[in-house]
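Trainee: Please work out how this folds:
(one chain, ligands or ions: 1)
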Amino acid sequence: MLTCQLSHPPLSRHGCPPMMCPSGGHGYGCRSATRLRVRVSDTMATGVVVGRPSSLFLRPTSAINQGLKTCSSSFYRSRRGGGSGGGGSRHHGVGLVRFGSQSPMLTLRSCLFASANDDAPPHSASRAVITPSLFSLVVWFARYLEPWNVMLAMRKEYPDEDILKIDLIFETFYFLMTPDAAREVLLEKSTDFPLRYSIDLFETLELDRGIVYAQGDRHRTNKRACVPAFESASSMSTFVEAIRDEVDDMCDRWVAKIGNKASAQLDVYDEVRQLTLAVVLRVTFGLRSGGSGDKLSNEISTTIAQYLEAIVACANEPIVSIAPQLSSNYRRVVGSGGLLEKLRRLVLELIAERRRVDGVVPTSTVEGGAPPSGDLLGVLLATGASDEDILLILFDLIIAGSDTTASTISASLLLASKDERLVSRVREEPDALSVAHEDVRARLPVSTAIARETLRLYPPVPFVGRRSVRPSDVCGYSLDEGVVCCWSPFYFGRQFFSSSVDDAWDPARVWLDGGAGGTTVDPFAWLPFGAGVRGCLGTRLGLTESVLAVGCMLQRFDFTFERDELTYKYDLTLNLSENRATACEVRKI
Ligand code: HEM
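Mentor: Modelled structure (predicted):
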């Protein structure tokens, strides 16, 4: 059964929960005029209807004034879509909801599922997709190597295209070149594009069974089981407590390292990776590492750290995709007696222990249950999920949540510490570790801007793909069933914040002081956490952790990095570990 529920935003100006808010929720990045919250319970499509001409749009004030009594919808067609009004030249697609005579439930349902709904008006004209020539592609890829940089080059050649078709020998990809195209694929037509594009390597490494690379029912069930733990206010305060404790511990370690000397040498990325792993282990398994953890906790933490390192090494070895058994890293992960086997044994032991100690009685439904508190393992045990499923979900969250957040924090520290004025502004903010979780964005605007700006230019996940399950129509282009649409937070972040390609890291210019990022840029241009039903589950956790950690570290220490530039490469995610990119001297202030 499908039900919709309307409510006023609970947390912030925008109140966007992560699933559909294009900026990933918690109100951090949403710059639209949205005021209403929409929950569609049986699809997990929880979120906010964004206020852009090309999106679903709710007039909140009318709604509130009319007491949400009645509403009606009308879909406006864009100029390009051949309709009657709507957006400007870049705005088209499904349209506008106005309040009038119908039930809000009905209207929202029909709008949210307009794409999958037979009644939705089709595009009247189909646009021809441009396919750059093989020669151009070879030149671009040879020159720029990575697809997101190729997209920046292609944009110059094809400034008006929403989608470009890239024909490669093994697969055809449609590159989404505008935020509008991304909005349609990720949000408005997400039911046409529910599958994550995956490569064989992930199957080889058995990474396709948790959430991130799981598909269909398995993905839906596993993600649904976790959503309450990542969205409820009570779990957020547990997360923040974990972040505070772990950041505090790390700062204490640094102070001890400095001792009586003026400064100490350390590699920020190494240190922060320990921090983010500790936080994610704590919010998932409830594990405490270091001195306060027991033997099993410490063994799991150490083995997971080795496991993460080994899968990153695998991702860097082309041989793993062709003949995995020839790779020692692969054998180290999945071979007999390998890390995966060891981890399974340890985690099953932990689950058995928790079942024994907590005596958890499974509840029949996950979604309807009370907001969970404590760690995710407790929540999953209460759902009645099998040990194997719990284990796969938790592994996945650790992989998805640790290095992504670590690179955001480390890159932010390196970039911010070169700007004295910015550092002074962070130091004028309240102590980052004392701010309540609902107030983070309002009370720490500079630290928030720093994290956002790093995510704009150096998103940990630079390129994402979705596969369709039925023929679809995106921005007026007809796309066949089974096609792969790719989009890039890296490309959007550099292309759509100013009139020309913009790769100058400057949080104040972009996000503060009336900067474009705060108000005028399309929310779909800032997509470091993705959006829609496959959007990042850990948006609030990852962003809050980044803001608090960056704020706290800049407030307590001075950093002098060995390198001026941020040197990085992308493997599974943004990797800063090469060439001592984040080695630095740290001093107490
Ligand atoms: C700064 C930190 C992070 C960044 C930039 C990030 C980014 C992303 C991106 C781009 C995606 C793909 C979204 C899409 O396809 O629309 C994703 C998916 C995901 N992320 Fe994150 N992430 C971060 C932190 C976390 C954390 C802390 C967790 C959990 C502990 C997490 C769990 C997940 C999961 C489970 C998915 C798969 C969602 C699905 O397929 O339905 N992430 N993340």
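Trainee: When you work out contacts or count neighbours from here on, use the C-alpha atoms and nothing else.
Mentor: Will do.
Trainee: Helices along the stretch 151-300 of the chain, start to end?
Mentor: Taking DSSP state H, counting those that start in this stretch as the test, the helices found in the stretch 151-300 of the chain are 179-183, 200-204, 216-231, 233-258, 268-285, 295-315.
Trainee: mind listing what's buried in the fourth one?
Mentor: Spelled out, it's helix 233-258. For helix 233-258, a neighbour-count test (16 or more other C-alpha atoms under 10 Å) marks 233, 235-244, 246-248, 250-251, 254-255, 258 as buried.
Trainee: again, but for the second one
Mentor: When neighbours are counted by 16+ other C-alpha under 10 Å, the buried residues of helix 200-204 are found to be Leu201.
Trainee: need the residues of this protein near the ligand, please.
Mentor: Within reach of the ligand by C-alpha under 6 Å from any ligand atom, the chain has these residues: 211-212, 280, 397-398, 400-401, 404-405, 408, 459-461, 464, 528-531, 533-539, 541-543.
Trainee: Quick one, which of those residues are buried?
Mentor: Among the residues of the chain next to the ligand, those classed as buried by neighbour count (16+ other C-alpha under 10 Å) are 211-212, 280, 397-398, 400-401, 404-405, 408, 459-461, 528-531, 533-539, 541-543.
Trainee: Show me the helices in the stretch 351-500 of the chain, by range?
Mentor: 376-383, 387-416, 420-428, 440-443, 445-457, 489-495.
Trainee: could you dump these to JSON lines with mean pLDDT and distance to Leu350?
Mentor: Output for those, formatted as JSON lines (pLDDT from 0 to 100; distance: least, C-alpha to C-alpha, whole Å):
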{"stretch": "helix 376-383", "mean pLDDT": "85", "distance to Leu350": "10"}
{"stretch": "helix 387-416", "mean pLDDT": "92", "distance to Leu350": "10"}
{"stretch": "helix 420-428", "mean pLDDT": "96", "distance to Leu350": "41"}
{"stretch": "helix 440-443", "mean pLDDT": "92", "distance to Leu350": "34"}
{"stretch": "helix 445-457", "mean pLDDT": "96", "distance to Leu350": "34"}
{"stretch": "helix 489-495", "mean pLDDT": "96", "distance to Leu350": "37"}
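Trainee: Columns distance to Leu134 on top of those helices, output as CSV?
Mentor: Shown next, in CSV, are these (distance: least, C-alpha to C-alpha, whole Å):
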stretch, distance to Leu134
helix 376-383, 48
helix 387-416, 34
helix 420-428, 46
helix 440-443, 46
helix 445-457, 29
helix 489-495, 21
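Trainee: now for those, which one comes closest to Gln306?
Mentor: helix 387-416 (11.7 Å; C-alpha to C-alpha).
Trainee: Buried residues of that closest one, list them for me.
Mentor: Those would be 387, 390-416, for helix 387-416 by 16+ other C-alpha under 10 Å.
Trainee: what's the angle from it to helix 420-428?
Mentor: Helix 387-416 runs at 120 degrees relative to helix 420-428, counting by axes from the mean of the first three to the mean of the last three C-alpha atoms, to 10 degrees.
Trainee: Tell me the helices and strands packed up against helix 387-416.
Mentor: helix 268-285, helix 339-358, helix 376-383, helix 445-457, helix 539-556, strand 574-575 (3 or more C-alpha pairs under 8 Å, 6 or more residues apart in numbering; DSSP states H and E).
Trainee: Other residues contacting the last one?
Mentor: What it means is strand 574-575. 404, 407, 458-462, 568-569 (C-alpha atoms under 8 Å, 6 or more residues apart in numbering).
Trainee: Paired strands for it, with orientation please.
Mentor: Using DSSP bridges, strand 574-575 pairs in its sheet with strand 569-570 (antiparallel).
Trainee: per-residue confidence averaged over the strand it pairs with?
Mentor: Taken as a whole, strand 569-570 has an average pLDDT of 87.
Trainee: any idea what the residue most central in space within the chain is structurally, helix, strand or coil?
Mentor: With distances taken as C-alpha atoms, centre = their mean, Phe529 lies nearest the centre of the chain, 2.2 Å away. With DSSP: H, G, I helix; E, B strand; the rest coil as the basis, Phe529 sits in coil.
Trainee: Isn't it up against Thr539?
Mentor: Yes: between Phe529 and Thr539 there is a contact at 6.2 Å, judged by C-alpha atoms under 8 Å.
Trainee: How about the contacts made by the residue of the stretch 351-500 of the chain found nearest the ligand?
Mentor: Closest residue of the stretch 351-500 of the chain to the ligand, C-alpha to the nearest ligand atom: Gly401 (3.3 Å). Neighbour list for Gly401: 276-277, 280, 538, 542 [criterion: C-alpha under 8 Å, 6+ apart].
Trainee: Nearest to the ligand: which residue in the stretch 201-350 of the chain?
Mentor: For the stretch 201-350 of the chain and the ligand, the shortest gap (C-alpha to the nearest ligand atom) falls at Val212, measuring 3.8 Å.
Trainee: Just want the phi and psi numbers for that residue.
Mentor: Dihedral pair for Val212: phi -60, psi -50, per degrees, to the nearest 10.
Trainee: give me every residue that touches it.
Mentor: Shown in contact with Val212 (C-alpha under 8 Å, 6+ apart): 196, 219, 396, 400.
Trainee: Closest to Glu481 out of these?
Mentor: Checking the contacts of Val212 against Glu481 with C-alpha to C-alpha, the nearest one is Arg196 at 14.2 Å.
Trainee: any idea how far that closest one is from Ala214?
Mentor: 8 Å (C-alpha to C-alpha, to the nearest Å).
Trainee: Now flag whichever of the contacts of Val212 is closest to Pro324.
Mentor: Nearest to Pro324 among the contacts of Val212, with distances taken as C-alpha to C-alpha, is Asp396, at 20.8 Å.
Trainee: So that closest one is in contact with Leu205, correct?
Mentor: No: counting by C-alpha under 8 Å, Asp396 sits too far from Leu205 to count as a contact (11.8 Å).
Trainee: Can you give me the domain boundaries for this structure?
Mentor: When the chain is parsed with the TED database, its domains come out as 126-191+462-527, 203-460+532-588.
Trainee: What's the end-to-end length of the shortest one?
Mentor: Going back to what we said before, that points to domain 126-191+462-527. End to end - C-alpha to C-alpha - domain 126-191+462-527 spans 27 Å.
Trainee: So that it lines up with my notes, have the first residue be 15 from now on.
Mentor: Will do, 15 is the new start, and the previous item becomes domain 140-205+476-541.
Trainee: Would you pull up how far it lies from the middle of the chain?
Mentor: How far domain 140-205+476-541 lies from its chain's middle: 17 Å, per C-alpha atoms, centre = their mean, to the nearest Å.
Trainee: With the longest one instead?
Mentor: Domain 217-474+546-602 has its C-alpha centroid displaced from the chain centroid by 13 Å (C-alpha atoms, centre = their mean).
Trainee: thinking again about what came up before, adding distance to Asp281, write the contacts of strand 588-589 out as JSON lines.
Mentor: Below are the contacts of strand 588-589 laid out as JSON lines (distance: C-alpha to C-alpha, whole Å):
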{"residue": "Thr418", "distance to Asp281": "17"}
{"residue": "Ser421", "distance to Asp281": "12"}
{"residue": "Tyr472", "distance to Asp281": "19"}
{"residue": "Pro473", "distance to Asp281": "21"}
{"residue": "Pro474", "distance to Asp281": "19"}
{"residue": "Val475", "distance to Asp281": "22"}
{"residue": "Pro476", "distance to Asp281": "24"}
{"residue": "Tyr582", "distance to Asp281": "14"}
{"residue": "Lys583", "distance to Asp281": "17"}
